[in-house]
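In: Whatever this is, show me its structure:
(chains A and B)
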Protein chains: 2
Amino acid sequence: MVQTNANDPRLKSWVSIPAGSDFPIQNLPFGIFLRKNSSPVAGVAIGADILDLAYLNTNGYFQGQHLPADIFIQPTLNEFLGLGRKKIREVRERVSELLRDSNDELDADARDAALVSAREVQMLLPVKVANYTDFYSSEEHATNVGSMFRDPKNALLPNWKHLPIGYHGRASSIVVTGTNITRPKGQIKPPDSDLPVFCPTRKLDFELEVAFVTCGETALGNAIHTADAEEYMAGLVLLNDWSARDIQQWEYVPLGPFLAKNFGTTISPWIVTMDALEPFRVKGPEQNPHVLPYLAYEGEKNFDILLEVLMQAGNAEPATVCRTNFKYMYWNVGQQLAHHTVNGCNIQVGDLYASGTISGPSPGSYGSLLELTWNGQKPLHLPDGAQRTFIEDHDTVIMRGYAEKNGVRIGFGECRGMIQPATHARS
Amino acid sequence: MVQTNANDPRLKSWVSIPAGSDFPIQNLPFGIFLRKNSSPVAGVAIGADILDLAYLNTNGYFQGQHLPADIFIQPTLNEFLGLGRKKIREVRERVSELLRDSNDELDADARDAALVSAREVQMLLPVKVANYTDFYSSEEHATNVGSMFRDPKNALLPNWKHLPIGYHGRASSIVVTGTNITRPKGQIKPPDSDLPVFCPTRKLDFELEVAFVTCGETALGNAIHTADAEEYMAGLVLLNDWSARDIQQWEYVPLGPFLAKNFGTTISPWIVTMDALEPFRVKGPEQNPHVLPYLAYEGEKNFDILLEVLMQAGNAEPATVCRTNFKYMYWNVGQQLAHHTVNGCNIQVGDLYASGTISGPSPGSYGSLLELTWNGQKPLHLPDGAQRTFIEDHDTVIMRGYAEKNGVRIGFGECRGMIQPATHARS
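Out: From the prediction side, this is the model:
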């Protein structure tokens, strides 16, 4: 992995970048957007605007890259991602060139045609998710959950420090930021009842996660080494793994979470490339006991990305309820992919692999309401006198994340969703 | 659901059907096949032959059906299935007409062009699996597992009779019959060791299952009622949920099976339509305690399908090791889909929903080696003096299934896989 020229903090763009923007010229994440009365195309976020990649490709600005003519005229990024990590890097570097203030390849008319205000378009799900896996890689989160539901002295299960625990999630119900989520109904077993009841969840929660998106595939039977794993990753997104704790509690033994999770999972709209995040590598936590050889790795494989969660009760002011960091992850993304494939499980382009809830060491850094309110025992105080143990109808949850260094912020945009009341049809 | 004319046991075809064939004119299942030096197309099994649907459509034999020109010239059936249950039924009925001995619409040349011997082609995976879910719906199987690993007196967990337990599996590693499976490596924790070791699984198993394939989709937030559920199902396939019991034992708490299952899942090549199975409906087991209203159903929702598993040690004779029946399922397919969507989880065309291991009441009817050998305590005796507790390298597992009544057999073909030794690269 080399630091590319496109990451140089001195770079400036001819696009004016609002202060504090997630999308300076050093970022250049990929997404899919929809203009009114048009078809979806691929774009790159720059400041408050989006650069239309379909326009650039159609008009010859990627001539050296030998891209298929329709590669950006697609409802998803899957075909583009399938070109692989190296090609994604080349396209990002070419976009960086075109956007530099010293570059005049795009004349005024071309700039006008290629740039669209982010406010005027709708962001779509950037990939058709081929396979979705959710890990459980934050030691603090696993410890908190173990302390609450088992024994605080033996909070971590015996396997936890030997392998990155994960499970398969539902790909169909992954949605893009801004999509409303309907409060799920399901079976819960109240503590005072012998029998389960069917009702809307009473313990609706968020889980703050970061996920990587793959840009390569393997054949069944092949494993990926930790040292090669990042070459299969296009970039990262924020992810909210909405969870119904009461449904989970009743259903999850012995095969794991199912209906408690698969009613909706929200991701942010921009794939922030691994290349853009290169300057933010940090060492991960020491792993003790030593991991088995197939999980060993060298170098700095964690990423220093600040994360926060805001909650908004109805139309009140949003309030920050959690501040944490992706760098706390015990298991890094390379270890996750190496573990996932060590048995020969094949990966596909457009797979999504989420971190699991990211909690930090202090109570204000816990990545779920379950932990923040300690299973409802300590309500959160929101503006206008609102209190929350779990999420109520018409609440909005907003996740944000960015890495920052030398005056450059590499941000993710928002991962936002509002909860709609449960439907009354068909109980 | 009406019994269609295409199911009439008196129907005969001009194609000669070998005795005991799975594919008489009353079956007509759909699959994807590949001729040498050609592209994949859709076909229907008839006796020892395959009817080329692409040929028929191109040459106007589906004129009344208004099918897209390329609907059968595809590497998967997904687009065809997406036309919905009614259209699938119409196509099957038209194929039935064309194949009847009284029908001469296909002249000798057309018959020659449209029919290909099943021996001369390769069967491909019939669908690109959009989402894969595996249930756990056999009471006998859940009871056996609970008796072995927990308490025989409380073998079933408290939730088991209230909801069809299920979990998400891996879609990418689903393969068609005949694909070799490499023995997976992974972490296991031997009972005499404090630490896990990394090695090829020592407890490789099969699980005999039946899965339904969907031909419809729902929007996120919508539930499917038990009474409507079968309209979303194109048909059934056999499924072998290969399992590494020692990997599973170490990894599965608290989030369920992961690497123990996702190294490969084999399905049979033909989607046997729900319409063809209509005559084989039977009542399911009585459900006590009563289920919640959203799981209630009326009518005969189980299917009388004989199932068997054969094991072949190297090149020895295959020997039957299990005979059971799909009718034993405690939770029927309609209940499974109703439960899966009751929280608003959306379904997609080409989803695969497997039953979980199908065990019957007697030891010879158990659907996994774990149960047949009672976790390795009672070895199976195979021909030529071979003994098995779990699957050894170069063993082949063959699953077969058929429904039979009034001299008509509606069969599935084979779900077959041979185990290759673990690879030595990269431990």
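In: A:Ala316: what's it in contact with?
Out: A:382-384, A:386 (CB atoms under 8 Å, 6 or more residues apart in numbering or on different chains). From N, CA and C alone the C-beta is placed, and that goes for glycine too.
In: Just among these, which is most surrounded?
Out: A:Leu382 (19 neighbours; other CB atoms under 10 Å in any protein chain shown).
In: Low-confidence stretches in the stretch 51-200 of chain A?
Out: Applying pLDDT under 70 to the stretch 51-200 of chain A flags no residue at all.
In: And the strands in it?
Out: Remark: strands assigned in the stretch 51-200 of chain A by DSSP state E, counting those that start in this stretch are A:115-117, A:122-124, A:132-135, A:166-168, A:174-176, A:181-182, A:185-188, A:197-200.
In: Tabulate those (a markdown table), appending mean neighbour count and distance to chain B.
Out: Shown next, in a markdown table, are the strands of the stretch 51-200 of chain A (neighbours: other CB atoms under 10 Å in any protein chain shown; distance: least, CB to the nearest CB, whole Å):
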| stretch | mean neighbour count | distance to chain B |
| --- | --- | --- |
| strand A:115-117 | 16 | 27 |
| strand A:122-124 | 18 | 14 |
| strand A:132-135 | 25 | 8 |
| strand A:166-168 | 25 | 4 |
| strand A:174-176 | 21 | 7 |
| strand A:181-182 | 22 | 4 |
| strand A:185-188 | 24 | 5 |
| strand A:197-200 | 16 | 5 |
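In: that older thread, between the contacts of A:Ala316, which is closest to B:His168?
Out: A:Leu382 (33.5 Å; CB to CB).
In: Reformat the strands of the stretch 51-200 of chain A as CSV; add distance to A:Pro363.
Out: Formatted as CSV, the strands of the stretch 51-200 of chain A follow (distance: least, CB to CB, whole Å):
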stretch, distance to A:Pro363
strand A:115-117, 40
strand A:122-124, 33
strand A:132-135, 23
strand A:166-168, 26
strand A:174-176, 30
strand A:181-182, 26
strand A:185-188, 27
strand A:197-200, 28
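In: Nearest to B:Leu28, out of these?
Out: With CB to CB as the yardstick, what comes closest out of these is strand A:166-168 (33.4 Å).
In: For A:Phe72, give me its contacts.
Out: A:Phe72 touches A:41-42, A:53-54, A:56-57, A:80, counting by CB under 8 Å, 6+ apart.
In: For B:Ser16, see how far away A:His339 is.
Out: With distances taken as CB to CB, to the nearest Å, A:His339 is found 53 Å from B:Ser16.
In: the more surrounded of those two?
Out: The neighbour count for A:His339 versus B:Ser16, taken as other CB under 10 Å, is higher for A:His339 (29 against 11).
In: Which stretches in the stretch 301-427 of chain A count as helices?
Out: Along the stretch 301-427 of chain A, counting by DSSP state H, counting those that start in this stretch, helices occupy A:333-341, A:369-372.
In: and the first one, how far from the chain's centre?
Out: On the basis of CA atoms, centre = their mean, to the nearest Å, the separation between the geometric centre of helix A:333-341 and that of its chain is 17 Å.
In: Confirm for me that A:Asp101 is in contact with A:Ile17.
Out: No. Assessed by CB atoms under 8 Å, A:Asp101 is found out of contact with A:Ile17, at 10.8 Å.
In: Looking at the two, which has the bigger crowd around it?
Out: A:Ile17 (18 against 11).
In: what helix or strand does the more buried one sit in?
Out: In this structure, A:Ile17 sits in neither a helix nor a strand according to DSSP states H and E.
In: show me the contacts for it.
Out: A:23-25, A:46-47.
In: What sits closest to A:Gly47 if chain neighbours are left out?
Out: Among residues not flanking A:Gly47 along the chain, A:Ile17 sits closest, at 4.0 Å (CB to CB, 6 or more residues apart in numbering or on different chains).
In: try A:Thr389
Out: Per CB to CB, 6+ apart, closest to A:Thr389 is A:Gly376, 4.0 Å.
In: any idea how far the residue in the stretch 301-427 of chain A positioned nearest to chain B lies from A:Ala316?
Out: Per CB to the nearest CB, A:Asn343 is where the stretch 301-427 of chain A lies closest to chain B, at 3.7 Å. Between A:Asn343 and A:Ala316 the computed distance is 48 Å (CB to CB).
In: Could you do A:Pro285 as well?
Out: In terms of CB to CB, A:Pro285 sits 37 Å off from A:Ala316.
In: got it, and A:Ala422?
Out: 22 Å.
In: Find the residue closest to the residue in chain A that chain B sits nearest to in space, skipping its chain neighbours.
Out: Distances between chain A and chain B by CB to the nearest CB are smallest at A:Gly256, namely 2.7 Å. Take A:Gly256 and drop its neighbours on the chain: the residue closest to it by CB to CB, 6+ apart is B:Gly256, 2.7 Å away.
In: How about the contacts made by that neighbour?
Out: A:167, A:252, A:254-257, B:167.
In: Having no further points to raise, I will conclude here.
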